[in-house]
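In: Provided below for reference: sequence and predicted model.
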Amino acid sequence: MTNSERRIAALQNLLAEEELDGMLLATSASFVYLLDMATLPFQRTSVTKNQRGIPSIEALNAPDAILYVPCDGACRLICVPWREQSLAASPVRPEAEFIDRFADALRRFVRGKRFASGDCCAAWMTNLVKEFLPDADVVPGEALVESLRRRKDEKEIAILSRAAALTDAIMDKVAERLRPGITSPEVEELLVRFGIEAGAQDLAFGPAGMFTQAGTPEAQILGGCPRDARLAPGTSVAFDFGYIFDGYASDFGRSFHCGPAPAHLREGYAALQAAQCRMIDSIVPGVTNIRDIDGMVRAEVTRLGFGEQMTNKDKGVIGHQIGIDVHEMPWMNKFVNFVLEPGMVFCSEPKMWFPGECYMRVEDMVLVTEKGAVSLTHCSRDRFELPVE
């Protein structure tokens, strides 16, 4: 059985459990996951999973392809003619049809009264089904596929490991160019250029190289200084960037200080890194709960003397799952009750802020294994102070 066949069969089991007659998915992360075609180009957005329940452009647009998964039996795939060639390798044979004829195409094989829809183009697909099944009940179904996507298989783990390694290498290249005089936009342009050179198909989100110049009025605001400010001694730089490699996302964070840093900043960054490592080493699959991850990091940072500098004290937001989407469910915060399972890959991104001085962050991609957890991110945890020449 192929990956696609296994994934579709698992979804069909879930549809049966939920007493659903079928599910419709537009071109999206869940669509390409089920077809095992993650490299298929589609419109990505880093905010999709941040906006569940909130109307967004992606949720309202018309699709260029629809995958229909019945509760049992063969799947069907219809697409606009210009999309047919890119779907030629699909395990489900594409049927080309003009978008104005999608309802007529679906009418030929969609049967039942209760259906699920993926998030992408949900409103459009609901209206489409009701054109020929006026009494149909179409309910949100993205979470069904997400429950399958959260545990990565060996192929996915290999791709995510490679994506993390390539992102590490790009950070090393950029760090060599962090010298006084460079601006934040120039740093971010390097992140884009080096990503393209490394073979990235897309950005996971817009890259950020956030400058905070100690002693300036802007440094009193969490996150930064004017975009046109140039790197100078006393400036801290916090990175947040990621790419799409082979259809899967990376997400990364490290921080630096231009020139010798005050001792409390060096020690604070070391504490943040040490707490991250301790959390990773402490994970017990099947036991450790997502809601406890933030507390695990925060407790160690506090023990090391920097708990007051940690951000997100109230929400306990520390990260997210990652895969085809850069932000996948379930999120990592103290309100999510979910036990970590082998095969899950998440990003832990604790942050600290020293008002008027420095904003720093660390972010690692973490794989939960059968025995514990390991970081897929291997970029140096010790490098912090940058040369001034």
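Out: Structure received. Numbering: from 1, shown residues only.

In: please make it C-alpha for all contacts and neighbour counts, starting now.
Out: Noted.

In: for the residue nearest the centre of the chain, which non-adjacent residue is closest in space?
Out: The residue lying closest to the centre of the chain (Cα atoms, centre = their mean) is residue 326, at 1.5 Å. Using Cα to Cα, 6 or more residues apart in numbering and skipping the chain neighbours, the partner closest in space to residue 326 is residue 249 (5.2 Å).

In: contacts only, for residue 271.
Out: If you count contacts by Cα atoms under 8 Å, 6 or more residues apart in numbering, residue 271 has them with 300, 301, 304, 306.

In: buried ones among those?
Out: Listed as buried from the contacts of residue 271 are 300, 301, 304, 306; burial here means 16 or more other Cα atoms under 10 Å.

In: would you turn those into a markdown table with pLDDT and distance to residue 263?
Out: Compiled in a markdown table, the buried ones among the contacts of residue 271 are given as follows (pLDDT from 0 to 100; distance: Cα to Cα, whole Å):
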| residue | pLDDT | distance to residue 263 |
| --- | --- | --- |
| 300 | 98 | 19 |
| 301 | 98 | 16 |
| 304 | 98 | 14 |
| 306 | 97 | 13 |
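
In: do I have it right that residue 105 meets residue 99?
Out: No - counting by Cα atoms under 8 Å, residue 105 does not reach residue 99; the two are 9.6 Å apart.

In: show me what residue 320 is bridged to.
Out: residue 347 (DSSP bridges).

In: from residue 7, how far off is it?
Out: Remark: distance between residue 320 and residue 7 (Cα to Cα, to the nearest Å) = 22 Å.

In: kindly report the same for residue 352.
Out: Relative to residue 7, and taking Cα to Cα, residue 352 is found at 40 Å.

In: what of residue 127?
Out: From residue 127 to residue 7 the distance is 27 Å (Cα to Cα).

In: same question, residue 231
Out: For residue 231, the distance to residue 7 - Cα to Cα - is 49 Å.

In: please apply the same query to residue 90.
Out: Taken as Cα to Cα, the span from residue 90 to residue 7 is 14 Å.

In: in the longest helix along the chain, what's buried?
Out: What stands out as the longest helix in the chain, according to DSSP state H, is helix 154-175. Residues 156-157, 159-171 are the ones in helix 154-175 that count as buried (16+ other Cα under 10 Å).

In: confirm for me that residue 243 is in contact with residue 195.
Out: Yes - between residue 243 and residue 195 a contact is recorded at 7.0 Å, counting by Cα under 8 Å.

In: of these two, who's got more company?
Out: residue 243 (30 against 22; other Cα atoms under 10 Å).

In: where along the stretch 201-350 of the chain do the helices fall?
Out: Using DSSP state H, counting those that start in this stretch, the helices of the stretch 201-350 of the chain run over 263-282, 290-303.

In: of these, which is nearest residue 336?
Out: Closest to residue 336 of these is helix 290-303 (Cα to Cα; 5.3 Å).

In: helix 263-282 and that closest one, what's the angle between them?
Out: Counting by axes from the mean of the first three to the mean of the last three Cα atoms, to 10 degrees, helix 290-303 lies at 140 degrees to helix 263-282.

In: go through helix 290-303 and flag the buried ones.
Out: 290-302.

In: same deal with stretch 375-389?
Out: 375, 376, 377, 379, 384, 386, 388.

In: over to stretch 309-320?
Out: The neighbour-count check on stretch 309-320 (16+ other Cα under 10 Å) flags 309, 310, 311, 316, 317, 318, 319, 320 as buried.

In: can you pull out the helices in the stretch 1-150 of the chain?
Out: 3-17, 29-35, 57-60, 81-84, 102-107, 122-132, 142-149.

In: ok, residues contacting the longest one?
Out: Put plainly, it is helix 3-17. 21-23, 33-36, 69-72, 91, 144-145, 148.

In: buried subset of these as a PyMOL selection?
Out: Restricted to buried positions by 16+ other Cα under 10 Å, the PyMOL selection for the contacts of helix 3-17 reads:
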select buried, resi 21+22+23+33+34+35+36+69+70+71+91+144+145+148
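
In: now, among the contacts of helix 3-17, which is nearest to residue 206?
Out: residue 33 (23.3 Å).

In: let me see the contact set for the closest one.
Out: By Cα under 8 Å, 6+ apart, the residues touching residue 33 are 4, 149, 324.

In: put together a markdown table for the residues you listed, with distance to residue 359 on each row.
Out: Putting the contacts of residue 33 into a markdown table (distance: Cα to Cα, whole Å) gives the following:
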| residue | distance to residue 359 |
| --- | --- |
| 4 | 43 |
| 149 | 33 |
| 324 | 29 |
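
In: mark which of those are buried, thanks.
Out: Buried members of the contacts of residue 33, scored by 16+ other Cα under 10 Å, are 4, 149, 324.

In: against residue 95, how distant is the closest residue to the last one other than its chain neighbours?
Out: Beyond its immediate neighbours in the sequence, the residue positioned closest to residue 324 (Cα to Cα, 6+ apart) is residue 248, lying 4.4 Å away. Relative to residue 95, residue 248 is positioned 27 Å away (criterion: Cα to Cα).
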